[in-house]
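[1] My questions are about this predicted structure, shown below with the sequence.
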Amino acid sequence: QVQLVESGGGLVQPGGSLRLSCAASGFTLDYYAIGWFRQAPGKEREGVSCISRSDGSTYYADSVKGRFTIYRDNAKTTVYLQMKSLKPEDTAVYYCARGGSSCTAEYDYWGQGTEVTVSS
């Protein structure tokens, strides 16, 4: 069955880096867009980044542009989110999700999340 498993979260100091992984199984990764979302305590879930299926176009929330990079390794069936210059406001549970052919399509499968804490 379709599964998405996130990993790579943890505790990091402000200014530090983390790389999150989203391991996909049960479907052909390069047929779908994959998005990263996050939810901070007491806040609504927000979209962070997405990589499309068709041409590999990438999209970022304004709050992470220039600091986060999304990329996919279809051979490893994994989508990564490289996060640099992390700020305390990046603290959240991060989720990956399967979209459609583009990043604007509905997301139908979600991972369980990986927690990121940015604190000194």
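    Looks like it arrived, so ask away. Note that the structure is predicted; figures quoted are calculated from it, not measured.

[2] what helix or strand does the residue most central in space within the chain sit in?
    Centroid check for the chain by C-alpha atoms, centre = their mean gives W36 as the closest residue, at 2.8 Å. W36 belongs to strand 34-39 when assigned by DSSP states H and E.

[3] ok, and for that strand, which residues are buried?
    Neighbour-count burial for strand 34-39, counted by 16 or more other C-beta atoms under 10 Å, picks out I34, G35, W36, F37, R38. The way it works is simple: take the backbone N, C-alpha and C, and place the C-beta from them, glycine included.

[4] Identify the neighbouring strands of it in the sheet and state each direction.
    strand 46-51 (antiparallel), strand 92-98 (antiparallel) (DSSP bridges).

[5] V79 and Y71 touch, don't they?
    Yes - using C-beta atoms under 8 Å, V79 is in contact with Y71, at 7.4 Å.

[6] Between the two, which contacts overlap?
    Common contacts of V79 and Y71 (C-beta atoms under 8 Å, 6 or more residues apart in numbering): I51.

[7] Kind regards, and thank you for your time.
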